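**Student:** What follows is a protein structure lacking sequence information:
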C-alpha cells in the first residue's frame, strides 16, 4: 500500500511539475517565438519550407488544412505498405525476412499512420530493420505531429476571432517534429540505451544455453505433411535446443518516439514487457512519463494560447481526477489476484519479498504497481504500448483499459487527439449547462451554435457506432468468432477490445485474439482510419467555425469554465456519455466474467 | 485539391530522411561509441562465447538450479526471437490447469516443501523472457538447491542476496532476483569447489 502510494505520487508529482514548462515551451514553438536553445535549428526549418515550396506566413482555411492532413497521411499509408511488401529486396534485413502479406501490410500501414499501432504481426519475426526504422518509426513521428498540429489549429479557433484561417499545417507539423518530438526522442533514446535497451543493426545473437530446452513438434514425412500413426494420431518428434536466439535491432530510437508520440507500437511482440524495450523500473518510469508529458503539457499550451492559463489547468484537473479514479480500480483489482489460485496452494499476498497479486502476463521488475499503472496510462492516452498482457488481467482490471478507450481517450489522451477530444467534451458540457438554464452556451467567449454542436456530436457519436457495430458484426460471423482465444465472456471482451482499440487509435489488445487474418486486418484497418479522420475533420471544421466567430465579452450569464464546478461538470459529461453508450457491452464482457470469477470462489 | 501534394511529397521525403535515417543513425552512433555493451544486449560472455543476456531469462528444469518464471513463448520456453505472454484470461480453465501443473512440478522436485508457492513462480511472464523471480520465489527454492548441491543453505542465501536487485533508487519497481546470473554463479561455485578438492 505504501509502495503503491509512493510510486504513484512520485509519478504524478513529476508529471504535473513538468506540465507547465513543457506547455510553455510548446506554446512558444507554435507561436514562432523560439527559445534560444533551439533557435539554431531555425535555418533547417526555413530550408524545409523553401524546398517544399511552402510560404510559412500563408495560413489555411480549415478545409485546406484538412486536405493537407489527408494528403500527408495517404502518402504515409502508401510508403509504409510498399516498404513492407518490398522489404525482402531492400537492405538492413539481416534475418532475411520476406514480404509481409498484403492484408497485414495494409492493416499495419493504416494502423501506424493513424497513430494506432495496432499490431497483428510479431515484430521480431516479420519486420526488417529498414521497415521498422524508415517506415513504422517515421510514422510514429508523423502521426504524432499531425495530431499536435490539429489540436493547435483547434486552439487557434478559440484564441482568434473573425478570421477565416486556423494556421498552416506544414508549419505546425514541421515545428512539432523538429522542435518537440525529435529533441525529446533523442535524449530519451540515449537514456534508455543506458538502462539496457538495445540499439544496433546486428543479426540476432546466438547464446549457448546453460540448460538445453526440449519440445515436441509434429514429425513430417518426405512430402512435408504431418505424419500420422496407425491409429490416426499425429506423430511428434522431440527437438532439443541448445542455443537461445536473441532478437536485436535499432530498438531504443523507436522506443523513445513510440512513447513520446503516444503511438505504442512495439519493436518486439511483447512490446514494453520485453526486457530489451523496457529493461528496468527506471526505463519504465521514463516511458510512462513520456506518454503523458505532451498531453499534459498541451493543456497548459491551450491555456497560454487562449490567454487564460486557468482554462488549461481546469482541463488538466479534470483529466487528473478521472485518471486517479481509474487507476485506483486497476491497482485494486490486480492486487487482489485470482481467487481460483488460492485453492491450488499459491501465495498471492503482497509482502516485502513479493508483489503478489495477479502476476499472469506481468513482469517481476514491474510487479503489480507498475503494471497496473502502465496499463491505466497507456489506455488513458491513445498510446497502447503494454508492459503486461491486458488479456490476462482480472475482469475489473481489464475493464478499466477498455472503458478508458471507450471514453475516447480524453484522460490526457493521445498527443493532440486527447486534448481536442476533451475540448469537444467541454463544448458539450457548456451546451448541457446552457440547456439547463435556458441560455445560449458560450465557451471562451465563443457562442456555441448549431453547427458547432453538430460537429461535436459527430466526434462523440462516430466512435461508438464503429466500435459497437464492428463488434456486433464480428461476433455474428464465423471469421470473427474464429479469432477468439479465451472461452466465455472473456472471448467477447477480446473482440470488443479489438474494435475499441482500433477506433480509439490505441493499439493495445486483449492479445489472445488472432487478428492477423484477412477479416480482422480489413475490419480493423477500416476502423482505425475512420476512427482517426472522421473525428479529425469535424474537429477542424469546428476550429474553422470558431475562428470565424466574434469574441463576446463575458457577461453575468456566462458560465465560468475555470472553476471546480466546471471541472466536475466536465468529468460528469465524459462519464455520462461514455456510460450511456457502453454499459450494455461492458456488462456482456468483463462484468459477467467478474461475476463468474467470484462465484467460483 | 492538388496544391498541397507537392509540399506533402517533399516534406515527407525530407522528414523521413531526418527521423527515419539521421535520427536512428545518430542514436546508434552515440550508443555504440559510449555504451556498446548495453546497446548490444548486455550479453554475458563465458570463455569468449555468449551464454545469454543478463536481461533475458532462460528456462531451467533441473532441480539443482533455481527455476525461472514460466514462459509462454513458442515453440519452446524463453524463445528470445518470438517474445509472447500466454494471453490466458483469468477464468480460462487452461490457465488453472497450467498453474496446477506448475505447482505439482515444483512439489515433485522438492517433496518435503509444503509452503504455498509464490505466485510469480507459477504464472507466465508478460514477455515470456522475464529474467527475474521474486525474492520470495528464490527463498521457496533455496532449500532444494542447497540440498541437491550439498551446499550450506547460508552459502546459497548469500549468493541469492548478491544477485538480488532492490527497488531502483530505493523507490521504483519491485525487488527481484536475476535467475540466470544466480545459476551461473552457483555453477562457478561448484567448479571452484571441485578444483579445490
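**Tutor:** Ah, there it is. Worth saying up front: this structure is predicted, and the values here are computed from it rather than measured. Residues are numbered from 1 along each chain as shown, chains lettered A, B, ... in the order given.
**Student:** does chain B sit close to the strand or helix carrying residue A:377?
**Tutor:** Using DSSP states H and E, residue A:377 falls within helix A:367-380. Yes. Helix A:367-380 lies within reach of chain B by C-beta under 8 Å from any C-beta of the partner chain, at A:367, A:369, A:370, A:371. Glycine gets a C-beta too; all of them are placed from N, C-alpha and C.
**Student:** now for the helix or strand following that helix, which elements pack on it?
**Tutor:** Next in sequence after helix A:367-380, counting helices and strands by DSSP H and E, comes helix A:395-406. Under the contact criterion of 3 or more C-beta pairs under 8 Å, 6 or more residues apart in numbering or on different chains; DSSP states H and E, helix A:395-406 touches helix A:309-336, helix A:367-380, helix A:450-476, helix A:489-503, helix A:564-586, helix A:592-600.
**Student:** what's the closest of the residues of helix A:367-380 next to chain B to residue B:23?
**Tutor:** Nearest to residue B:23 among the residues of helix A:367-380 next to chain B is residue A:370, at 28.1 Å by C-beta to C-beta.
**Student:** tell me the contacts of that closest one?
**Tutor:** Residue A:370 is in contact with A:7, A:281, A:284, A:285, A:288, A:387, B:172, B:173, B:174, counting by C-beta atoms under 8 Å, 6 or more residues apart in numbering or on different chains.
**Student:** would you list those residues in TSV and tack on pLDDT?
**Tutor:** Below are the contacts of residue A:370 laid out as TSV (pLDDT from 0 to 100):
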residue	pLDDT
A:7	97
A:281	98
A:284	98
A:285	98
A:288	97
A:387	97
B:172	97
B:173	97
B:174	97
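**Student:** Show me those that map onto strands.
**Tutor:** Of those, none are assigned to strands by DSSP state E.
**Student:** Name the pair among those with the greatest separation in space.
**Tutor:** Across these, the longest distance by C-beta to C-beta is 15.3 Å; it joins A:288 and B:174.
**Student:** Could you check which of those two is surrounded by more residues?
**Tutor:** Neighbour count, other C-beta atoms under 10 Å in any protein chain shown: between residue A:288 and residue B:174, residue B:174 has more, with 28 against 25.
**Student:** Residue A:245 - that's part of a strand, no?
**Tutor:** Yes. Counting by DSSP: H, G, I helix; E, B strand; the rest coil, residue A:245 is part of a strand.
**Student:** What is the neighbour count of it?
**Tutor:** Per other C-beta under 10 Å, the neighbour tally for residue A:245 reads 17.
**Student:** re the thing from before, out of the contacts of residue A:370, flag the one nearest to residue B:102.
**Tutor:** Checking these against residue B:102 with C-beta to C-beta, the nearest one is residue B:174 at 20.5 Å.
**Student:** any idea where the strands of chain B begin and end?
**Tutor:** So, for chain B - with DSSP E - the strands run B:43-46, B:49-53, B:117-118, B:132-133, B:164-165, B:176-178.
**Student:** Please work out which of those is packed deepest.
**Tutor:** Among these, strand B:132-133 has the highest mean neighbour count (mean count of other C-beta atoms under 10 Å in any protein chain shown), at a mean of 29.
**Student:** Poorly predicted segments of the chain, please.
**Tutor:** You didn't say which chain, so I picked chain A. By pLDDT under 70, the weakly predicted segments of chain A are A:600-601.
**Student:** just the strands in it please.
**Tutor:** Counting by DSSP E, the strands of chain A are A:205-218, A:236-246, A:346-347, A:442-443, A:446-447.
**Student:** Residue A:31: which of the ones you listed is closest?
**Tutor:** The nearest among the strands of chain A, by C-beta to C-beta, is strand A:446-447 at 19.9 Å.
**Student:** ok, the residue of chain B found nearest chain A - how many residues close by?
**Tutor:** The nearest approach of chain B to chain A comes at residue B:173, 2.6 Å away (C-beta to the nearest C-beta). Counted with other C-beta under 10 Å, the neighbours of residue B:173 add up to 27.
**Student:** list the contacts for residue A:7?
**Tutor:** By C-beta under 8 Å, 6+ apart, the contact set of residue A:7 is A:369, A:370, A:373, B:171, B:172.
**Student:** What's the ChimeraX line that selects buried ones from those residues?
**Tutor:** To isolate the buried ones among the contacts of residue A:7 in ChimeraX, judged by 16 or more other C-beta atoms under 10 Å in any protein chain shown, type:
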select /A:369,370,373 /B:172
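**Student:** Now tabulate the contacts of residue A:7 in CSV and tack on distance to residue A:518.
**Tutor:** Shown next, in CSV, are the contacts of residue A:7 (distance: C-beta to C-beta, whole Å):
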residue, distance to residue A:518
A:369, 40
A:370, 37
A:373, 37
B:171, 48
B:172, 43
